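Peer 1: Sequence first, then the predicted structure, then my questions.
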2 protein chains.
Amino acid sequence: MAGVQRGPRERMVFSAAQLIRRDGVSATGMRDVAVHANAPRGSLQHYFPGGKEQLVGEAVTWAGRYAGKRVARFMADLAEPAPSALFAAMVRQWTDEYETADGLGGCPVAAATVDCASSEATREAAAAAFMCWRAPVAEALTELGVPAERAEPLATLMISSLEGAIIMARAEGDVRPLRTVARELGPLLDAAVLPDRPTTGRGEA
Amino acid sequence: MAGVQRGPRERMVFSAAQLIRRDGVSATGMRDVAVHANAPRGSLQHYFPGGKEQLVGEAVTWAGRYAGKRVARFMADLAEPAPSALFAAMVRQWTDEYETADGLGGCPVAAATVDCASSEATREAAAAAFMCWRAPVAEALTELGVPAERAEPLATLMISSLEGAIIMARAEGDVRPLRTVARELGPLLDAAVLPDRPTTGRGEA
DNA sequence: ACGTTTCCATGACAGTGGTCATAGTAGCCG
DNA sequence: CGGCTACTATGACCACTGTCATGGAAACGT
């Protein structure tokens, strides 16, 4: 995975995100995070004097940044430059995980949102994380030929569908919802591409 | 709300769903449920000998049934019989709540899914709840003229988008994502209606 | 009236969580 | 070496949770 050896602090943030997305925020204990990160428990209060709220916040922020960076890599690896292909890549990241690891993980940002209505700070971190994720998606859409005024809404729709499908897939224990949204939403996304700007080449149809 | 005075047992299930969808499963204590339901604490072990897992399971099941029944009512109240109108009604249920109560609630089924990967029983209850919700939506879509083979996938897409938008809206503290998915997904849904069968289901215009 | 079943009340227990206090170690600068 | 800072270690505290045990109160059939 990313950041295997990056100092105890980042390892703890990473582990927190990992555990949160699997078990939820409340079910993830600080001690568990230290153990999972192979980090000393005493470092928790040293690096995160703000306590669990700070750790969760940083994990959520990290997850948002990570998701944003992934968008750039998806764009670079796209076989054909179409919005549907980008969305398919985003979805495939999850279906792949569901097939390798049997444990069906979720999105840490969603987990923090669902589980932390109490903490205003965490809620704001989640909102920022979603923005860090949505902005690159919207930018990618414009690069793919989607008009600027539709890029942001469609990015919101993509992330919403993906998040919801992740939840349904976890509940069902099957990737069906993920594949379904990828298949059903693709045409809508491609139809938003401006016809007079066929975006670097190979056109569909 | 529904079921204000229906015996302590149902009140507790209802209150559990209410609290779960606001605070998450782990953050919702059994004692809180009893207090919120104006029910005696001693009744918990009497009505729910299976403990918290049973209570959460019934709350999730209740929520699924509730969502399914709402679909029928939405269909009855539709001004114009189009899939986009049904989806808009489903979304409006949430935007309305966000504007009346400042506390932004979530979906209890999603909360249970995110927060209870540990419990297999809860996961299955969530899967069943999603099915109890998706089936009426798919059926409604066919009534509205969507071909049978596309009804289920589109229902999955609708619920996924809605769930994801709920999460994003909670994070942002704004209904923007909800309105966005309703607006962006509407045309796709209406485009799935068979042209030669213009809304056969109800003759009302 | 009596007993049995259903339901309610309350206190205790064991476990766990986050957090704090205190003390120990490593490294660097004088 | 002394002092200072960064980091690690560990144990204790307190609040809280789900669960259980025990006992009381209605309800109701007979």
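Peer 2: Done, it's in.

Peer 1: Tell me the residues of chain A that contact DNA strand C?
Peer 2: Proximity of chain A to DNA strand C, by C-beta under 7 Å from any atom of the strand, involves residues A:28, A:29, A:30, A:31, A:32, A:42, A:44, A:45, A:51, A:52, A:53. Yep, even glycine has a C-beta here, placed from its N, CA and C like the rest.

Peer 1: If we use 10 Å, what do you get?
Peer 2: A:16, A:19, A:23, A:25-34, A:40-42, A:44-46, A:48-56 (C-beta under 10 Å from any atom of the strand).

Peer 1: Could you turn the buried ones of the residues you listed into a ChimeraX selection?
Peer 2: Buried residues within the residues of chain A next to DNA strand C, by 16 or more other C-beta atoms under 10 Å in any protein chain shown, are selected in ChimeraX with:
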select /A:16,19,23,25,26,27,28,30,33,34,44,48,52,53,54,55,56
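
Peer 1: For chain B, tell me which of the residues of chain A next to DNA strand C show up nearby.
Peer 2: By C-beta under 8 Å from any C-beta of the partner chain, the members of the residues of chain A next to DNA strand C lying near chain B are A:23, A:25, A:26, A:27.

Peer 1: Contacts only, for residue A:115.
Peer 2: With contact set as C-beta atoms under 8 Å, 6 or more residues apart in numbering or on different chains, residue A:115 has these partners: A:24, A:25, A:26, B:24, B:26, B:27, B:111, B:114, B:115.

Peer 1: need those residues in a markdown table with secondary structure and distance to residue B:71, can you?
Peer 2: Shown next, in a markdown table, are the contacts of residue A:115 (DSSP: H, G, I helix; E, B strand; the rest coil; distance: C-beta to C-beta, whole Å):
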| residue | secondary structure | distance to residue B:71 |
| --- | --- | --- |
| A:24 | coil | 28 |
| A:25 | coil | 31 |
| A:26 | coil | 31 |
| B:24 | coil | 26 |
| B:26 | coil | 30 |
| B:27 | coil | 29 |
| B:111 | helix | 20 |
| B:114 | helix | 23 |
| B:115 | helix | 25 |
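
Peer 1: Near DNA strand D, list only the ones from those residues.
Peer 2: Intersecting these with the surroundings of DNA strand D, defined as C-beta under 10 Å from any atom of the strand, gives A:26, B:26, B:27.

Peer 1: Excluding sequence neighbours, find me the nearest residue to residue A:147.
Peer 2: With sequence-adjacent residues excluded and distances taken as C-beta to C-beta, 6 or more residues apart in numbering or on different chains, residue A:147 is closest to residue A:194, at 5.7 Å.

Peer 1: And residue A:74, by the same measure?
Peer 2: Closest residue to residue A:74 apart from its sequence neighbours, by C-beta to C-beta, 6+ apart: residue A:89 at 4.2 Å.

Peer 1: what does residue A:129 give?
Peer 2: Closest to residue A:129 by C-beta to C-beta, 6+ apart is residue A:64, at 2.6 Å.

Peer 1: thought the one you found was touching residue A:110?
Peer 2: No: counting by C-beta atoms under 8 Å, residue A:64 stays clear of residue A:110, with 11.4 Å between them.

Peer 1: Neighbour count for those two, which is higher?
Peer 2: Counted by other C-beta atoms under 10 Å in any protein chain shown, residue A:64 and residue A:110 do not tie: residue A:110 has more neighbours, with 31 against 23.

Peer 1: who touches the more buried one in this structure?
Peer 2: Contacts of residue A:110 by C-beta under 8 Å, 6+ apart are A:163, A:166, A:167, B:114, B:167.

Peer 1: quick one: the fourth one and residue A:109 touch, right?
Peer 2: No: the pair residue B:114 and residue A:109 does not pass the contact test of C-beta under 8 Å, sitting 10.8 Å apart.

Peer 1: right, is the longest helix seen in chain A up against DNA strand D?
Peer 2: Criterion DSSP state H: the longest helix present in chain A is helix A:51-77. No: using C-beta under 10 Å from any atom of the strand, we find that helix A:51-77 stays clear of DNA strand D, coming within 12.7 Å at best.

Peer 1: Need the per-residue pLDDT for whatever residue of chain A ends up closest to DNA strand C.
Peer 2: Residue of chain A nearest DNA strand C, by C-beta to the nearest atom of the strand: residue A:51 (2.6 Å). Note for residue A:51: predicted pLDDT of 93.

Peer 1: Tell me which residues touch it, please.
Peer 2: Each residue near residue A:51 by C-beta under 8 Å, 6+ apart is listed here: residue A:45.

Peer 1: How much space separates it from residue A:57?
Peer 2: Separation of residue A:51 from residue A:57 (C-beta to C-beta, to the nearest Å): 10 Å.

Peer 1: which one of the ones next to DNA strand D among the contacts of residue A:115 is nearest residue A:9?
Peer 2: Distance to residue A:9, by C-beta to C-beta, is smallest for residue A:26 among those, at 22.9 Å.

Peer 1: quick one: the closest one and residue B:26 touch, right?
Peer 2: Yes: look at residue A:26 against residue B:26 with C-beta under 8 Å: they come within range, at 3.5 Å.
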